[in-house]
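Asks: give the three-dimensional model of this entry:
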Amino acid sequence: MRNVVLLGSTGSIGASTVKVAEDLPDRIRLLGLAAGNNAELLLKQTLRHRPEAISICDPAKARPMQEALGVSTKVFSGSEGLLKLATLPGADIVLIAIVGTAGLQPALAAIRAGKDIAVASKEILVMAGEIVMREARKNGVRVLAVDSEHSAIFQCLDGKPAESVRALWLTASGGPFRTLPKEEFAAITVEQALKHPSWVMGRKITIDSATLFNKGLEMIEARWLFDISIERVKVVVHPQSVVHSMVEFVDGSILAQLSTPDMCLPIQYALTYPGRVGSDRVQTDVARLGQLTFEEPDAGRFPALELARRAGEAGGTLPAVFNAANEAAVSAFLDRRINFPRISQIVARVMDRHTVVSHPDLEQILAADAWARQEAMG
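Replies: Next comes the predicted model:
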């Protein structure tokens, strides 16, 4: 039995994690649940799973929830609540599925409390990969991947050393605009960008998949998770989203992990690692898959990949700036204040204006993040 704290229980990753816990009641106990502002769903999850503690973003919603639950479950709120849950004494692993930068402090708190963490929030390692991985080594805890791509690489590596690897190949669906002419990008609507061909995800990550910024963030994340230079992290477009990623070894051999797209699989793998537990949720009929195709990403139409490589090569505070500027630009696009191509243009402009701080501490990373958001809105 593993005691799991789930930060971001009402989002798409959180909902899939709850399904996995319900599939494996003898293996996984939801010890703590935290949500943004969906108090109704959080209350429903709490009544079903009876965690030791929960947290809601809005402090005003905490009191009525405590009254509804009685004394059996502690109710916390705000950023302090996330830290309380991340450090619950009984927790074995903390799964962080909070969108944006809010998961960084809880991740570090969990690591310093001796908890393994499972990372579904890319921003944690993009912003502060050097600090997070150093703290994990220092405290003897594991940082496990929840993204389907990084889970695939983790499974293919299977403990093999970094020096045996020629390249890590992240697969990208190409999003809904893979074949759309570049001259039509300015007319892309929010509704069109939110229709992903393979996955059902939250709004921000769906836009990131349409721009390929999602893949750029994953490149930087992979660099830290697997202790490998960004030059050896590659991207290939694979529209069917069946091959989740691949590892190319120095002898030329390539190992890939395949399955029908379902986030329950990488979530279950992270929560039950190092074992494999039976589940009928994900079924893959290889004979019915038909063709699996691969193609080079179009850097001209999707500049996010080169911006990510530039951020990963420079390191320091530039990945945090890359991430924060993108968050601000995506928000502006969703609010219909800018058009689709402006997302990458804003990120490039903010990166150009940033003075990189090498080997930053957490305060400098957060300062760069705040600066980039302000600069992006200017």
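Asks: neighbours around the spatially closest residue to residue 245 that is not a sequence neighbour, how many?
Replies: Spatial nearest neighbour of residue 245, excluding adjacent residues (CB to CB, 6 or more residues apart in numbering): residue 152 at 3.9 Å. C-betas here are computed from N, CA, C, even on glycine. By the measure other CB atoms under 10 Å, the count of residues near residue 152 is 28.
Asks: how about residue 185?
Replies: Neighbour count for residue 185, taken as other CB under 10 Å: 17.
Asks: assign a three-state SS to it, would you?
Replies: helix (DSSP: H, G, I helix; E, B strand; the rest coil).
Asks: contacts only, for it.
Replies: By CB atoms under 8 Å, 6 or more residues apart in numbering, the contact list for residue 185 reads 177, 301, 339-341.
Asks: cool, residue 235 as well?
Replies: Per CB under 8 Å, 6+ apart, neighbours of residue 235: 169-172, 212, 215, 219, 297, 305.
Asks: what do you get if the cut-off is 10 Å, keeping everything else the same?
Replies: 149, 168-172, 212, 215-216, 218-219, 245, 296-297, 299, 302, 304-305, 308-309 (CB atoms under 10 Å, 6 or more residues apart in numbering).
Asks: now it: which helix or strand?
Replies: Residue 235 belongs to strand 233-237 when assigned by DSSP states H and E.
Asks: state the distance from residue 300 to residue 228.
Replies: As judged by CB to CB, to the nearest Å, residue 300 and residue 228 stand 27 Å apart.
Asks: out of those two, which sits in the more crowded spot?
Replies: Comparing residue 300 with residue 228 by other CB under 10 Å, the one with more neighbours is residue 228, at 18 against 8.
Asks: look up phi and psi at the more buried one.
Replies: When read as degrees, to the nearest 10, the backbone of residue 228 gives phi -140, psi 150.
Asks: please apply the same query to residue 96.
Replies: Backbone geometry at residue 96, expressed as degrees, to the nearest 10, gives phi -110, psi 110.
Asks: count of neighbours near it?
Replies: Residue 96 has 26 neighbours, counted by other CB under 10 Å.
Asks: swap in the one 3 residues further on?
Replies: Neighbour count for residue 99, taken as other CB under 10 Å: 21.
Asks: same check, this time on residue 334
Replies: 16.
Asks: and what of residue 122?
Replies: Neighbourhood size, residue 122 [other CB under 10 Å]: 24.
Asks: now it. Nearest residue, chain neighbours left out?
Replies: residue 217 (4.3 Å).
Asks: am I right that that neighbour falls within a helix?
Replies: Yes. Counting by three-state DSSP, residue 217 falls inside a helix.
Asks: you'd agree it is up against residue 324?
Replies: No. Counting by CB atoms under 10 Å, no contact exists between residue 217 and residue 324, whose distance comes to 11.6 Å.
Asks: from the contacts of residue 235, which land in helices?
Replies: By the criterion of DSSP state H, membership of these in helices covers 149, 215-216, 218-219, 304-305, 308-309.
Asks: so in the chain, where's the weakest helix or strand by average pLDDT?
Replies: None of the helices or strands of the chain scores lower by mean pLDDT, DSSP states H and E than helix 203-211, at a mean of 90.
Asks: CA atoms of that one as CSV?
Replies: The C-alpha trace of helix 203-211 is given here as CSV (Å, rounded to 0.1, in the frame of the first residue of the first chain):
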residue,chain,number,x,y,z
ARG,A,203,-6.9,24.4,-21.6
LYS,A,204,-3.3,25.7,-21.0
ILE,A,205,-1.6,22.4,-21.9
THR,A,206,-3.8,21.9,-24.9
ILE,A,207,-2.7,25.3,-26.3
ASP,A,208,0.9,24.4,-25.5
SER,A,209,0.4,21.2,-27.6
ALA,A,210,-0.9,23.2,-30.5
THR,A,211,2.1,25.5,-30.5
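Asks: any buried residues in that helix, and which?
Replies: Along helix 203-211, these residues count as buried under the neighbour rule (16 or more other CB atoms under 10 Å): 204-211.
Asks: now swap in stretch 238-250 and tell me
Replies: Of all the residues in stretch 238-250, those buried under the rule 16+ other CB under 10 Å are 238-248.
Asks: between those residues, which is closest to residue 261?
Replies: Nearest to residue 261, judged by CB to CB, of the buried residues of stretch 238-250 is residue 241 at 4.8 Å.
Asks: now the strands for the stretch 101-250 of the chain?
Replies: Using DSSP state E, counting those that start in this stretch, the strands of the stretch 101-250 of the chain run over 116-119, 143-145, 165-172, 233-237, 243-249.
Asks: can you redo the ones you listed as TSV with mean pLDDT?
Replies: Formatted as TSV, the strands of the stretch 101-250 of the chain follow (pLDDT from 0 to 100):
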stretch	mean pLDDT
strand 116-119	97
strand 143-145	95
strand 165-172	97
strand 233-237	97
strand 243-249	98
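Asks: ok now do the nearest residue to residue 121 once chain neighbours are set aside, which residues does it touch?
Replies: Setting aside the residues directly before and after it, residue 121 is nearest to residue 103 in space (CB to CB, 6+ apart), at 4.2 Å. Neighbour list for residue 103: 7-8, 34, 82, 86, 94, 96-97, 110, 117, 119-124, 127 [criterion: CB under 10 Å, 6+ apart].
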